[in-house]
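Peer 1: Next comes the sequence, and after it the predicted model I'd like to discuss.
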Amino acid sequence: MSGDVQARVGAFVEGLVESGAGGGLQVAVYVGGELVVDVCAGVAGGADRGLLGSDTLIHSFSTGKGFTATLVHVLAERGLIDYDTPIAHYWPEFGARGKERATVRHALTHAIGVPQLPAALTPAELCDWETMCAIVAGQKPLWEPGTQSGYHGWTFGWILGETVRRITGLTPAEALRTYVAQPLGIADEMFYGLPDSELARTAPLVEGNWAAYLAGLPPSAPFVRLVAPNRRVWTTAELANRREYLLADTPAGGTTTARAAARLYAALLGEVDGVRLLPPARLDLATAVAVSGKDRMMLGTFNKGLGYFLGLPDMGGELTSFGHHGSGGSVAFADRERGLAFALTRTRLVAGRADTTRSVADEVRSLIDNGA
């Protein structure tokens, strides 16, 4: 790739911010294991916060699910976890109320049947690990595990996170650091729960039209009725800017920089500075289509691998691309066809036409396809 790709993507991102469409944006791209784009534009959440930097941490909600899936696959490659073993083997309490045969594979494919949360759940409860694990373990599945798939927006994190904790003896945050972030040299840029010392360099999120989009969903929508049944636990700036939320282990989400998220996906595709997270055979297994069809919670049709979405529009719609997006317009993914790893993090939460994420990803794909 020519040396001006950084400048061209940077100018594109600056244009989005200057137009008012972007808010604060970070974009990072690896190609063939090399960092070719690391740009940022805008302010770090508000006019009084200064400019966004490449090392500014941004909470990116479900983009972190890709980190969690990767952690599980790294542990599987080490022989510590098995996809087809019931979760109750590792976490006996989880086997209650018809979940005794629910497996790790079912958790990765959102097929266990417990996407729901109690209607009166508070943010304080959401941030308490033991409380949430007890709630999830005590849930009765809405469908027989393994028979259908429905996005486990919040519960994905506690189901897999507690399984990891039972196996490794480490909290999810410690496990992510030990098995993924430290080997990649990004232990200071990729987190579930933040250390208190990192709060000062974490940009507050600001609302664009994301909260209004959620408020406009019909009360009968599964997301509103089951996944996030009250406004206090919606994935909004109000929740993400709470100190106790940022400090809490919530492996359904993550706080990161774009360059750290892109580095993780680059190290899934191949070596990055001598480190590769998974061998090709394991990557093939993790990113093959495992579930395809209508999602019971999001109501759209999706292709899912083991913990990753495949071929989302931001990813170019190609099944050779895998990763995860987050509420409000963040995304991180790998494009196996192009040898590309891409991440975009943002401080302004948006939906629909206000979401410029795909336009940035399309610009990057165009530059690569045209040999920039």
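Peer 2: On my side now, so go ahead. Residues are numbered from 1 along each chain as shown.

Peer 1: Quick check, residue 336 in contact with residue 321.
Peer 2: Yes - assessed by Cβ atoms under 8 Å, residue 336 is found in contact with residue 321 at 6.9 Å. Glycine gets a C-beta too; all of them are placed from N, C-alpha and C.

Peer 1: More neighbours: which of these two?
Peer 2: residue 321 (26 against 18; other Cβ atoms under 10 Å).

Peer 1: Beta-bridge partners for the more buried one, please?
Peer 2: For residue 321, the beta-bridge partners under DSSP bridges are residue 335.

Peer 1: close enough to count as contact, it and residue 315?
Peer 2: Yes - with contact defined as Cβ under 8 Å, residue 321 reaches residue 315; the gap is 3.6 Å.

Peer 1: joint contacts of these two?
Peer 2: 333, 335 (Cβ atoms under 8 Å, 6 or more residues apart in numbering).

Peer 1: so how far is residue 139 from residue 233?
Peer 2: Distance, residue 233 to residue 139, using Cβ to Cβ, to the nearest Å: 15 Å.

Peer 1: no, scratch that, I was asking about residue 167
Peer 2: 21 Å.

Peer 1: Give me the more crowded residue out of these two.
Peer 2: More crowded of residue 167 and residue 139, by other Cβ under 10 Å: residue 139, with 21 against 16.

Peer 1: Which residue, neighbours along the chain excluded, lies closest to that one?
Peer 2: residue 114 (4.2 Å; Cβ to Cβ, 6 or more residues apart in numbering).

Peer 1: Make sure the one you found is indeed in a strand.
Peer 2: No - Residue 114: not assigned to a strand; according to DSSP: H, G, I helix; E, B strand; the rest coil it is coil.

Peer 1: Please enumerate the strands of this protein.
Peer 2: 25-31, 34-41, 57-59, 190-191, 202-203, 206-207, 255-256, 291-294, 301-304, 309-310, 321-326, 330-335, 340-346, 348-349 (DSSP state E).

Peer 1: so can I have a markdown table of the ones you listed showing distance to residue 362?
Peer 2: Formatted as a markdown table, the strands of the chain follow (distance: least, Cβ to Cβ, whole Å):
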| stretch | distance to residue 362 |
| --- | --- |
| strand 25-31 | 12 |
| strand 34-41 | 14 |
| strand 57-59 | 22 |
| strand 190-191 | 26 |
| strand 202-203 | 25 |
| strand 206-207 | 25 |
| strand 255-256 | 22 |
| strand 291-294 | 24 |
| strand 301-304 | 20 |
| strand 309-310 | 18 |
| strand 321-326 | 13 |
| strand 330-335 | 12 |
| strand 340-346 | 11 |
| strand 348-349 | 19 |
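
Peer 1: could the ones you listed be laid out in JSON lines, adding distance to residue 101 and mean pLDDT?
Peer 2: Below are the strands of the chain laid out as JSON lines (distance: least, Cβ to Cβ, whole Å; pLDDT from 0 to 100):
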{"stretch": "strand 25-31", "distance to residue 101": "39", "mean pLDDT": "97"}
{"stretch": "strand 34-41", "distance to residue 101": "44", "mean pLDDT": "96"}
{"stretch": "strand 57-59", "distance to residue 101": "35", "mean pLDDT": "98"}
{"stretch": "strand 190-191", "distance to residue 101": "33", "mean pLDDT": "98"}
{"stretch": "strand 202-203", "distance to residue 101": "40", "mean pLDDT": "96"}
{"stretch": "strand 206-207", "distance to residue 101": "42", "mean pLDDT": "94"}
{"stretch": "strand 255-256", "distance to residue 101": "34", "mean pLDDT": "98"}
{"stretch": "strand 291-294", "distance to residue 101": "17", "mean pLDDT": "98"}
{"stretch": "strand 301-304", "distance to residue 101": "20", "mean pLDDT": "98"}
{"stretch": "strand 309-310", "distance to residue 101": "25", "mean pLDDT": "98"}
{"stretch": "strand 321-326", "distance to residue 101": "26", "mean pLDDT": "98"}
{"stretch": "strand 330-335", "distance to residue 101": "32", "mean pLDDT": "98"}
{"stretch": "strand 340-346", "distance to residue 101": "36", "mean pLDDT": "98"}
{"stretch": "strand 348-349", "distance to residue 101": "38", "mean pLDDT": "95"}
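
Peer 1: what's the most buried one of the ones you listed?
Peer 2: Highest mean neighbour count among the strands of the chain (mean count of other Cβ atoms under 10 Å): strand 340-346, with a mean of 30.
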